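Student: Quick one: sequence plus predicted model below, questions after.
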Amino acid sequence: MIYTMKSMNEGMTPAAIGEPNTWTMMIAPTEEEIQRVASEAKVSPGLLRTALDDEERSRIESAAGEVLILIDIPIETGEPGESKYSTLPLGIVITRARIVTISLSDSPILRVLEQNKMRGISTAKRTRFLLQILYQTAAHYLMYLRRIDRQITKTEEVLHRSTRNEHLFHLMHLQKSLVYFTTSLKANQIVLEKLLRSQLRKAVTNPADESMPETTHILQMYAEDEELLEDVITENKQAIEMGDIYSNILAGLMDAFASVVSNNLNIVMHLLAIVTIVLAIPTSVFSFYGMNVDLPLQEGPWSWAIALGGSLLLSVIGLLLLNIATSRSIRRR
C-alpha cells in the first residue's frame, strides 16, 4: 500500500508521489509499487527494498543525495489482550525534496504522524519530520514497556494463587518481547548517537584543492532540531534502562517460580513417600497371614480383627516415627 501526504494548515492532505515536500508511506509494498515510487519520487529502489528484510540491522546510509535511516520499531504481534510484542525494521529515505517510509506492516507510530497528532508536523521540514518519527518510536517503546511491567505484576499476583503452565508461558512471551526490545533499542541508540555526532555530513570535492575534500550537511539541523534529537536520545536511553530492569526482574521472577514449582514437587513426593511407607505396613501383615502355613491366632474367632487392629496400630506408630524424623531433619537445615 502507498499513501502520499503533504502537511497543510488543516493537517495532512493527499498528494502526488512526485510532488515536492511530501511524505510517502509504503506498507508491505509490492515490487510494482517499489518501482513506481522509485520512478516518480526519484529514489533508489535498492534503498526501498532494504527495510523489507526483517533481519536488517539499524544503521545510516547516504549516497547520491539520498539518506537511509533504518531503525527497529515496536509492534504488537498477538491477539488483543495477549501482550505479545516484537520489532520490525522501519526504513526512512530522505531526499532533497521528499521523505519516504517503508515498513512490512502498519504501525501506530506512523499513524500518529498521519493523523497530525503531534505539534509542529511539517513534511517540508524533513529533518524535523525524521526526528518526530524517532521520538514517537522511543515513546511507543516506553508505552509498551510499561504495559509489560503491568502484565508482569498481574501475572505474579495470579501465580501466588495458582501455578499453572499457561501463566508461566505468558511470562516466557513477555521475556522474549523484552529481549527483542532491549536489542533493538541498543541498536537504535547507536544510530541516534551517530546522527547527533555527525549530523549526516557528506564529503564533497573542494574546487580549490581536489585532494582536500570538504564536508556538507545532507540534512539541515537547526538548534531546535538538535534539542529534539537530544530528547529522543534521552527517551531512548530511558527505554533501554527500563528494558534492562524489567528483564532482570522477570528473570528473577522466573527463577523464583521455578524454585517454587520444584519445592511443591518435593513436598508432593515427600507426602507420597510417607503414604507408601505407611500403607506397606498393613500390606506386609496381611501378606504373612495369606501364606499357606500355620500362623499364630489363625484358629481363633478374632484372628481377622486382631490382625487388622495390629496392622493399623503399626501404621500409626510408623506415621509418628516418620513425622518425628521429618521434623528433626527440617530443624537441622
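Tutor: Structure's in. What do you need? Residues are numbered from 1 along each chain as shown.
Student: which ones are touching residue 180?
Tutor: 85, 86, 87 (CB atoms under 8 Å, 6 or more residues apart in numbering). Bear in mind the C-beta positions are built from the backbone N, C-alpha and C, glycine included.
Student: from those residues, which ones fall inside strands?
Tutor: Judged by DSSP state E, strands contain the following of the contacts of residue 180: 85, 86, 87.
Student: rewinding a little: of the contacts of residue 180, just the buried ones, PyMOL syntax please.
Tutor: A single PyMOL command selects the buried members of the contacts of residue 180 (16 or more other CB atoms under 10 Å):
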select buried, resi 85+86+87
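Student: correct me, but residue 254 touches residue 171?
Tutor: Yes - Residue 254 lies in contact with residue 171 (CB atoms under 8 Å); the separation is 5.9 Å.
Student: how near is residue 53 to residue 102?
Tutor: 11 Å (CB to CB, to the nearest Å).
Student: neighbour count winner among these two?
Tutor: More crowded of residue 53 and residue 102, by other CB atoms under 10 Å: residue 102, with 26 against 12.
Student: hmm, back to that, residue 254 and residue 171: which has the busier surroundings?
Tutor: Neighbour totals were compared for residue 254 and residue 171, and residue 171 leads with 19 against 15 (other CB under 10 Å).
Student: a helix runs through that one, doesn't it?
Tutor: Yes - assessed by DSSP: H, G, I helix; E, B strand; the rest coil, residue 171 belongs to a helix.
Student: And residue 122, how far from residue 128?
Tutor: 6 Å.
Student: So between the two, which is more surrounded?
Tutor: residue 128 (20 against 14).
Student: need the contact list for the more buried one.
Tutor: For residue 128, the contact set (CB under 8 Å, 6+ apart) comprises 120, 122, 224, 225, 228.
Student: repeat for residue 272
Tutor: Contacts of residue 272 by CB under 8 Å, 6+ apart: none found.
Student: sec struct for it, please.
Tutor: Recorded secondary structure, residue 272: helix (three-state DSSP).
Student: what about it, distance to residue 8?
Tutor: For residue 272, the distance to residue 8 - CB to CB - is 75 Å.
Student: And for residue 312?
Tutor: Taking CB to CB, one finds residue 312 at 92 Å from residue 8.
Student: now do residue 83
Tutor: Residue 83 sits 38 Å away from residue 8, going by CB to CB.
Student: repeat for residue 193
Tutor: 34 Å.
Student: Likewise for residue 251?
Tutor: Distance of residue 251 to residue 8, given as CB to CB: 50 Å.
Student: circling back to that earlier point, more neighbours: residue 83 and residue 8, which one.
Tutor: Legend: neighbour count by other CB under 10 Å for residue 83 and residue 8, higher for residue 83 (21 against 12).
Student: which SS class is the more buried one?
Tutor: Under three-state DSSP, residue 83 falls in the coil class.
Student: Could you pull up the contacting residues of it?
Tutor: 147, 148, 151, 170, 173, 174, 177.
Student: mind running it again at 7 Å?
Tutor: 147, 148, 151, 174 (CB atoms under 7 Å, 6 or more residues apart in numbering).
Student: can you redo those as TSV with distance to residue 39?
Tutor: Listed next are these as TSV, based on distance: CB to CB, whole Å:
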residue	distance to residue 39
147	41
148	43
151	46
174	44
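Student: Can you pick out the most distant pair from those residues?
Tutor: When CB to CB is used, the two most widely separated members of the contacts of residue 83 are 147 and 174, lying 9.6 Å apart.
Student: out of those two, which sits in the busier spot?
Tutor: More crowded of residue 147 and residue 174, by other CB under 10 Å: residue 174, with 24 against 15.
Student: That'll do, ta.
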